[in-house]
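**Q** dropping the sequence and predicted coords here.
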Protein chains: 2
Amino acid sequence: MGNFPAPKNDLILRAAKGEKVERPPCWIMRQAGRYLPEYHEVKNNRDFFQTCRDAEIASEITIQPVRRYRGLIDAAIIFSDILVIPQAMGMRVEMLEGKGPHFPEPLRNPEDLQTVLDYKVDVLKELDWAFKAITMTRIKLDGEVPLFGFCGGPWTLMVYMTEGGGSRLFRFAKQWINMYPELSHKLLQKITDVAVEFLSQQVVAGAQILQVFESWGGELSSVDFDEFSLPYLRQIAERVPKRLQELGIMEQIPMIVFAKGSWYALDKLCCSGFDVVSLDWSWDPREAVKINKNRVTLQGNLDPGVMYGSKEVITKKVKQMIEAFGGGKSRYIVNFGHGTHPFMDPDVIKFFLEECHRIGSK
Amino acid sequence: MGNFPAPKNDLILRAAKGEKVERPPCWIMRQAGRYLPEYHEVKNNRDFFQTCRDAEIASEITIQPVRRYRGLIDAAIIFSDILVIPQAMGMRVEMLEGKGPHFPEPLRNPEDLQTVLDYKVDVLKELDWAFKAITMTRIKLDGEVPLFGFCGGPWTLMVYMTEGGGSRLFRFAKQWINMYPELSHKLLQKITDVAVEFLSQQVVAGAQILQVFESWGGELSSVDFDEFSLPYLRQIAERVPKRLQELGIMEQIPMIVFAKGSWYALDKLCCSGFDVVSLDWSWDPREAVKINKNRVTLQGNLDPGVMYGSKEVITKKVKQMIEAFGGGKSRYIVNFGHGTHPFMDPDVIKFFLEECHRIGSK
């Protein structure tokens, strides 16, 4: 941790820790990726996971939005994917162009599961490339903005591992939790153990802030979320700081949780051990602020679809959002309520960031 | 209305009106359809919309679950689709096997929209087949259970009309509301006008209870829902009873609204003029009951995915659900939190219904 360039912009770290700031820090989920022409130039028909695994290329893609939106964006997030944990757990994952992730051998019965439970995961070895990419990116960033590490939430990863890819009906994941609840817990625990080590080692490699993406949280009922997601998210928030201490890192690394669709869990997430709770766009921020009672920093939550709107509407909605989060100078980080889309216009996103700066600085 | 067979089971009508009942009425969204082998026998490779348009076949499919689950199911819902309104508005809609609905010419610019706004809709003529199917079904049902009519919510229909089919990112619908909010309102108003007439004429044809499916409600932020969905849902609830009076129907026809994913709107939906609010499975019923304060009857909300579970888990979750809704003898209708899936086991659904009867009768 000591050998990296000194930070020039620690706005997001201060906001995440609850300090007053001069304006809300800004970043966007999937800010590096397919909507940027320079991404396609660099990726150049390479396989998606090959792109992640090449530290030089992954770091370049990570930095692209920081360069394009220089002075407007307050964090970088390492270019990678939540499915690297299932890969580290011995599962094959392919990324099919235009179709998304595909597991040729998803977990469909207790025997499949046993293979994964028995697999000895060596995080440092299996995800070696990820740590290299983080270290290289941190150095290249030269302290310009802090670097995010991340991972998928255990329930979300279980969905992919059992469904074998994206899903609409979640037939197999739902079968697991309703037919084999105890085995499901074993799988979730194993994923959690790997996630704790993976996040911690990302910090050792240079990550300065962490986010856990529980992207399929909202597919669980409130009661099922309390059983199959929340306990594992809590474990991550509790165990990562301890593991970091064991690894010799004493400083506080802010941790963010984003449980998309799990609106019913906001109150619980605000006291789950995370420093920041990220909100999807369904929330009226005023309601979330009321429930939060200043316990954590909130992040979000503009509907990404607003980027297809007129400048007038974008300005109106940015203003509504920042005001509803209390003005943005305390306990708030600007973001979308979900990631960018591939067909968004980078210039519109620039306008959005400029408006966040203008309105958030008032 | 006067010439139909006398009702033998009006449980759902009484529960919808807020009367005390001996047990909660039960029905399931998409209870007629692809999970039933007898559906495939009757449909027999016919095009989906041809199936809807043939009164004999549509009525047979509608009655299939009532016959299979005789004594266990307390309503029938006419076999049709929410996209018949866009068809009546002059748009072409195809149902692609295994892919879902497809509009060859979706609304993508103001000129496309103008064509639809200028199109003179004759509901009675364009949807003549739907009314025939309802009348025939009502007669065939012989009073065994009440018959539902339904339509899509205006925002949901606008999504399909602009996206041209199912969607994940809702790029075009979001572009409409954020780039052309005023034109979007014109389209929503036109859809609402057609929906009011369509629902009213379904009652004239024999429907005894109505449901509006705002299936894509949850894609709107809380603020956007208040602007682009709620006002039109309210209009429907307000105008249908008036139109029914004009048409000579004086009795109260219960109306249900299901705004999937629009959790933030529950309080408003409970005073929107609908008699029943249907909940998706994200809700802990106890929270919904608290917010409702006995204003409407609540419907729902088991995660359909529970049907992939063990009998033990199904029983546990049915018990939790009915108890959380207050025992089921007042202001409650059993349903899933969304429709059946094509690969569900009809025998498991039977077990679910039996458990609802057993536990709900206690």
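**A** The structure has been received and is ready for your questions. Everything quoted here is computed from the prediction, not taken from an experiment.

**Q** make it CA atoms for all contacts and neighbour counts henceforth
**A** Fine.

**Q** and the pLDDT at A:K317?
**A** You'll see A:K317 listed with a pLDDT of 98.

**Q** residues contacting it?
**A** A:302, A:306 (C-alpha atoms under 8 Å, 6 or more residues apart in numbering or on different chains).

**Q** near chain B, which residues of the stretch 51-200 of chain A show up?
**A** A:169-171, A:174-180 (C-alpha under 8 Å from any C-alpha of the partner chain).

**Q** quick one: name whatever helix or strand follows the longest helix anywhere in chain A.
**A** Assignment by DSSP state H gives helix A:181-205 as the longest helix of chain A. Per DSSP states H and E, the first helix or strand lying C-terminal to helix A:181-205 is strand A:209-214.

**Q** on that earlier part again, now, of the residues of the stretch 51-200 of chain A next to chain B, which are buried?
**A** A:170-171, A:174-180 (16 or more other C-alpha atoms under 10 Å in any protein chain shown).

**Q** how close does the residue nearest to A:S215 when sequence neighbours are not counted sit to A:G337?
**A** Leaving aside its chain neighbours, A:S215 sits nearest to A:K260 (5.0 Å; criterion: C-alpha to C-alpha, 6 or more residues apart in numbering or on different chains). Distance of A:K260 to A:G337, given as C-alpha to C-alpha, to the nearest Å: 8 Å.

**Q** so A:G100 touches A:Y160, yeah?
**A** No - because the distance of 11.0 Å does not satisfy C-alpha atoms under 8 Å, A:G100 is recorded as not touching A:Y160.

**Q** if you count what's nearby, which of those two comes out ahead?
**A** Higher neighbour count among A:G100 and A:Y160: A:Y160, with 25 against 11, using other C-alpha atoms under 10 Å in any protein chain shown.

**Q** residues touching the more buried one, list them.
**A** A:103, A:106, A:166 are the contacts of A:Y160 under C-alpha under 8 Å, 6+ apart.

**Q** likewise A:D112?
**A** A:P106.

**Q** pLDDT of stretch A:205-225, averaged?
**A** Mean predicted confidence for stretch A:205-225 is 98.

**Q** give the buried residues for that stretch.
**A** A:205-225.

**Q** output the below-cut-off pLDDT ranges for the stretch 1-150 of chain A.
**A** Scanning the stretch 1-150 of chain A with the threshold set as pLDDT under 70 gives A:1-2.

**Q** so where do the helices sit in it?
**A** Under the criterion DSSP state H, counting those that start in this stretch, the stretch 1-150 of chain A contains helices at A:11-16, A:37-43, A:48-53, A:55-68, A:84-88, A:110-118, A:123-126, A:128-141.

**Q** now swap in the stretch 151-300 of chain A and tell me
**A** A:154-163, A:171-179, A:181-205, A:222-228, A:230-246, A:266-269, A:285-292.

**Q** sorry, back to before: identify the contacts common to A:G100 and A:Y160.
**A** A:G166.

**Q** hmm, back to that, which one of the helices of the stretch 1-150 of chain A lies closest to B:I85?
**A** helix A:37-43 (40.2 Å; C-alpha to C-alpha).

**Q** what is the neighbour count of the residue nearest to A:S215?
**A** 20.

**Q** that one against A:V277, yeah?
**A** No - assessed by C-alpha under 8 Å, A:K260 is found out of contact with A:V277, at 10.5 Å.

**Q** surely A:T51 meets A:I57?
**A** Yes - here A:T51 reaches A:I57: they are 6.3 Å apart, a contact under C-alpha under 8 Å.

**Q** quick check: neighbours shared by those two?
**A** A:K43.

**Q** interface residues of the stretch 201-350 of chain A facing chain B?
**A** Proximity of the stretch 201-350 of chain A to chain B (C-alpha under 8 Å from any C-alpha) is limited to residues A:218-223, A:262, A:264, A:281-284, A:303, A:305-306, A:308-310, A:313-314, A:341.

**Q** residue most distant from the centroid, chain A?
**A** Distance from the C-alpha centroid of chain A peaks at A:E111, with 31.1 Å (C-alpha atoms, centre = their mean).

**Q** ok, it to chain B distance?
**A** 18 Å (C-alpha to the nearest C-alpha, to the nearest Å).

**Q** likewise A:W27?
**A** On the measure of C-alpha to the nearest C-alpha, A:W27 and chain B end up 20 Å apart.

**Q** give me the distance between that residue and A:N335.
**A** Distance, A:W27 to A:N335, by C-alpha to C-alpha: 6 Å.

**Q** who has more neighbours, these two?
**A** Neighbour totals were compared for A:W27 and A:N335, and A:N335 leads with 27 against 23 (other C-alpha under 10 Å).

**Q** chain neighbours aside, what residue packs nearest to that one?
**A** Nearest one to A:N335, counting by C-alpha to C-alpha, 6+ apart, is A:G300 at 4.2 Å.

**Q** and the one you found, what is it in contact with?
**A** Residues counted as contacts of A:G300 (C-alpha under 8 Å, 6+ apart) are A:278-281, A:333-337.

**Q** for A:S330, grab the count of nearby residues.
**A** For A:S330, using other C-alpha under 10 Å, the count is 22.

**Q** wait, it touches A:E19, no?
**A** Yes - using C-alpha under 8 Å, A:S330 makes contact with A:E19 at a distance of 6.6 Å.

**Q** any common contacting residues for these two?
**A** With C-alpha under 8 Å, 6+ apart, A:S330 and A:E19 have no common neighbours.

**Q** starting at the chain centroid, how far to stretch A:352-359?
**A** Averaging C-alpha positions (C-alpha atoms, centre = their mean, to the nearest Å) puts stretch A:352-359 22 Å from its chain's average.
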